[in-house]
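# starting from these lines, generate the structure:
(one chain, ligands or ions: 1)
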Amino acid sequence: MNHSEKSKFILSKLNELFPNPQIELNFSDTFTCLVAVMLSAQCTDVVVNTVTHKLFNIAKTPQNIIDLGEDRLKSIILPCGFFNVKSKHIVDTARIILEKHGGQVPSTFAELEALPGVGHKTASVIMGQCFNTPAFPVDTHIARLANRWDLEKSRNVRKIEDSLKKLFPVDAWKSLHVQLILYGRKFCPAKKHVVENCPICLKFSENI
Ligand code: SF4
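Purely as a prediction, here's the structure:
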């Protein structure tokens, strides 16, 4: 199978397996989405949702976060890991949003990526989820799948992102990002994988 045939098969299989993919993080607006995504680095969505359930009851706006302060924020987000740096980044980001962006989360990649602790992947999630801008965030699951499916053999996530954007139609990117993460979690662990149980690699192995 060439790359084009593979990408068509992947898309149809993922649509069949995950027909209504939704991001698993809970949030109610763009700022709470940004905070949830920042907390999700090196942490599961389940833990983030437990933490944000508590946090957003107390603080859900940039001003609330500043009023809460770094130390109290740290104690709340502790289960997410890296709480020192995450707390500092979230408070600094809240301050910049208030001082530079009139209290609104900015809506360009450049402005988002200028915020403390916001990299290209986080910015891509916000652009896709909150601003309906075509984006294809690549996390470890997606990078692993792109390599194992031989769509892009690289460790460089920006290179993987560029290749996936060329292979899949732009109107599929938003749902595909979520579908690939769900597929990766369900079928494609980092260490142990079973080709016979895996609908996509099984098909590819039949067609070699
Ligand atoms: S067989 Fe499944 S689990 Fe293994 S590499 Fe392929 S997609 Fe991933």
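# contacts for stretch 174-189, please.
Contact with stretch 174-189 is made by 11, 14-15, 17-18, 21-23, 125, 128-129, 134-137, 139, 141-142, 144-145, 148, 164, 168, 193, 197-200, as judged by Cβ atoms under 8 Å, 6 or more residues apart in numbering. For the C-beta atoms, the positions are set from N, CA and C on the backbone; glycine is no exception.
# care to break the chain down by domain?
3-21+136-206, 30-131 (automatic domain parsing).
# with mean neighbour count and mean pLDDT as added columns, please give these in CSV.
Listed next are the domains of the chain as CSV, based on neighbours: other Cβ atoms under 10 Å; pLDDT from 0 to 100:
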stretch, mean neighbour count, mean pLDDT
domain 3-21+136-206, 16, 91
domain 30-131, 18, 97
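# on the three-state scheme, the most centrally placed residue in the chain is what?
For the chain, the residue whose C-alpha lies nearest the mean C-alpha position (Cα atoms, centre = their mean) is residue 125; its distance is 5.3 Å. Taking DSSP: H, G, I helix; E, B strand; the rest coil as the rule, one finds residue 125 in the helix state.
# next one: it from residue 3, what distance?
As judged by Cβ to Cβ, to the nearest Å, residue 125 and residue 3 stand 25 Å apart.
# likewise for residue 13?
Taking Cβ to Cβ, one finds residue 13 at 15 Å from residue 3.
# redo the domains of the chain as CSV? Include distance to the ligand.
Output for the domains of the chain, formatted as CSV (distance: least, Cβ to the nearest ligand atom, whole Å):
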stretch, distance to the ligand
domain 3-21+136-206, 3
domain 30-131, 19
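# please, which helix or strand holds residue 48?
Using DSSP states H and E, residue 48 sits within helix 45-58.
# follow-up on the earlier one: tell me which entries of the contacts of stretch 174-189 lie within strands.
The strands, defined by DSSP state E, take in nothing from these.
# mind checking which of those residues are in helices?
11, 14-15, 17, 125, 128-129, 141-142, 144-145, 148, 164, 199-200 (DSSP state H).
# one step back: how far out from the middle of the chain is the helix holding residue 48?
When distances are taken as Cα atoms, centre = their mean, to the nearest Å, helix 45-58 is centred 17 Å away from the chain's centroid.
# which elements pack onto whichever helix or strand comes after it?
Sequence order places helix 62-68 as the next helix or strand after helix 45-58, per DSSP H and E. Helix 62-68 sits against helix 83-100, with contacts defined as 3 or more Cβ pairs under 8 Å, 6 or more residues apart in numbering; DSSP states H and E.
# contacting residues around whichever helix or strand comes after the helix it packs on?
Using DSSP H and E, the helix or strand that follows helix 83-100 in sequence is helix 109-113. With contact meaning Cβ under 8 Å, 6+ apart, helix 109-113 is reached by 101, 105, 106, 118, 119, 120, 122, 123, 124, 126, 127.
# go on, stretch 28-41?
If you take Cβ under 8 Å, 6+ apart as the criterion, stretch 28-41 is touched by 25-27, 48-49, 51-52, 55-56, 60-62, 65, 77, 80, 82, 86, 89-90, 93-94, 97, 104-105, 117-118, 122, 125-126, 129-131.
# what do you get if the cut-off is 6 Å, keeping everything else the same?
25, 27, 48, 52, 56, 60, 77, 80, 90, 105, 117, 122, 125-126, 129-130 (Cβ atoms under 6 Å, 6 or more residues apart in numbering).
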